[in-house]
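In: prediction below, plus the sequence it came from.
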Amino acid sequence: GAGVSQSPSNKVTEKGKDVELRCDPISGHTALYWYRQSLGQGLEFLIYFQGNSAPDKSGLPSDRFSAERTGGSVSTLTIQRTQQEDSAVYLCASSLNPAAAFFGQGTRLTVV
Amino acid sequence: RKEVEQDPGPFNVPEGATVAFNCTYSNSASQSFFWYRQDCRKEPKLLMSVYSSGNEDGRFTAQLNRASQYISLLIRDSKLSDSATYLCVVVYSGNTPLVFGKGTRLSVIA
């Protein structure tokens, strides 16, 4: 498709389970970002990939969070042993760095 | 440290009013600037880029003041549909991610 695609759009999981969130960026975009947003709050930076450079993981809140980007395209954000505080909307964006980024519609994660 | 600060609002304005938001950034090693709009429970969407000479897109005008390290967004003739959160974004030089402000909430009232 023409835009950033994220899946699933909604995910409900039990506390302690692992989840994987997927992001398909816009074709040709070298930069890919993951953010999360809790209800009524601003965007919280998680991780940034740029081409073949080492990712900037400075925003990952704990070692339960990890992300990879395979072949410079699709990215997966993995949260292990989910906790209730992980409940949020996880947003992926891509760009031709340093241009403006375009967001996917997000994955709404609910940990029960 | 790279920070972007915005007044969270809310700004409650009547239809037809002119409203302006400012955004300050802390690091002079900045490269590009943007305004995004985010509707409730939706993803942020690019509203406009901000150029050094200032730029206009219909009812929206963006300005950049590098000396004072702030950017602004002016909305003229506000519409009900302008109600949203407006996010200021700064791209710093080097291999760094976009930095988002926390947003300014605008409510346009009939």
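Out: Sure thing, it's come through.

In: can you list the weak-confidence ranges in chain A?
Out: Applying pLDDT under 70 to chain A flags residues A:1.

In: nearest residue to the middle of it?
Out: The residue lying closest to the centre of chain A (CA atoms, centre = their mean) is A:Trp34, at 3.5 Å.

In: what parts of chain A come near chain B?
Out: Residues of chain A lying close to chain B by CB under 8 Å from any CB of the partner chain are A:31, A:33, A:35, A:41-43, A:45, A:48, A:50, A:53, A:56, A:91, A:93, A:95, A:97-106. In this view, the C-beta of every residue, glycine as well, is placed from N, C-alpha and C.

In: from these, list the buried ones, please.
Out: Burial by neighbour count, 16 or more other CB atoms under 10 Å in any protein chain shown: within these this picks out A:31, A:33, A:35, A:42-43, A:45, A:48, A:50, A:56, A:91, A:93, A:95, A:97-106.

In: among the residues you listed, which are located in strands?
Out: A:31, A:33, A:35, A:45, A:48, A:50, A:91, A:93, A:95, A:102-103 (DSSP state E).

In: format those residues as TSV; extra columns: distance to B:Ser68.
Out: TSV is the format used below for those (distance: CB to CB, whole Å):
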residue	distance to B:Ser68
A:Ala31	28
A:Tyr33	28
A:Tyr35	28
A:Phe45	25
A:Tyr48	28
A:Gln50	30
A:Leu91	31
A:Ala93	28
A:Ser95	27
A:Phe102	29
A:Phe103	29
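
In: which one of the residues you listed is nearest to B:Ala17?
Out: Nearest to B:Ala17 among those: A:Phe103, at 28.7 Å, using CB to CB.

In: ok, the closest one touching B:Glu43?
Out: Yes - using CB atoms under 8 Å, A:Phe103 is in contact with B:Glu43, at 4.0 Å.

In: anything in contact with each of these two?
Out: Overlap of the contact sets of A:Phe103 and B:Glu43 (by CB atoms under 8 Å, 6 or more residues apart in numbering or on different chains) consists of A:Leu91.

In: quick check: B:Ser107 vs chain A, distance?
Out: Counting by CB to the nearest CB, to the nearest Å, the separation of B:Ser107 from chain A is 14 Å.

In: no more questions from me, cheers.
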